[in-house]
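> sharing a model that was predicted from the sequence below.
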Amino acid sequence: MSENNNELGSFLAGFVIGGLVGAATALILAPQSGEETRQQVASKSRDLRSTSEERLQQYRERADNIVADTRGRMQETGGRVQEQARIVLDSGKERATQVKEQVDAYRRKNESDAAEGETSETTE
């Protein structure tokens, strides 16, 4: 975004400087009275200001559109990432449940085997 601001600033600075150079050239080369020259300079200044404001508004609208588009894409991407994370977590929970069940079954089998071993020793 700061790169766009630099480009906009450079453009506007060049635009204004070019307008001033053009106005100065017109003053020097134009065979007019002082009053006519002042009116012409004032008119050109108004035109230059109007053009600058229009261009600035265009750049602002363009920047707003870019920001809105980028925000929309980021939200869309964030939604996809959340969904993928949810899938991975659900898969991990399922796997953890399976492993826990296997461990519990193994423990019950070992406890059962140990209890059988104690029972057979006491009956002998």
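It's in.
> okay, now the unreliable bits of this structure?
Where the chain drops to pLDDT under 70, the residues are 1-5, 30-32, 117-124.
> same thing but at 90, please
Scanning the chain for pLDDT under 90 picks out 1-45, 48-49, 51-52, 108-124.
> can you give me the strands for this structure?
Counting by DSSP state E, the chain has no strands to list.
> so which residues make contact with stretch 12-24?
Applying C-beta atoms under 8 Å, 6 or more residues apart in numbering, the external contacts of stretch 12-24 come out as 41, 44-45, 48, 51-52, 55-56. C-betas here are computed from N, CA, C, even on glycine.
> I87 and R73, how far apart?
From I87 across to R73, the span is 21 Å (C-beta to C-beta, to the nearest Å).
> ignore what I typed, I meant D90.
Counting by C-beta to C-beta, the gap between D90 and R73 amounts to 26 Å.
> again with A24
Per C-beta to C-beta, A24 is found 47 Å from R73.
> now swap in L48 and tell me
Taking C-beta to C-beta, one finds L48 at 37 Å from R73.
> repeat that for K93.
30 Å.
> over to E111?
Distance of E111 to R73, given as C-beta to C-beta: 57 Å.
> for the protein, which helix is longest?
When the chain is parsed with DSSP state H, its longest helix is helix 34-123.
> which elements pack onto it?
Helices and strands touching helix 34-123, by 3 or more C-beta pairs under 8 Å, 6 or more residues apart in numbering; DSSP states H and E, are helix 2-29.
> any buried residues in the helix it packs on, and which?
By 16 or more other C-beta atoms under 10 Å, the buried positions in helix 2-29 come out as 8, 19, 23.
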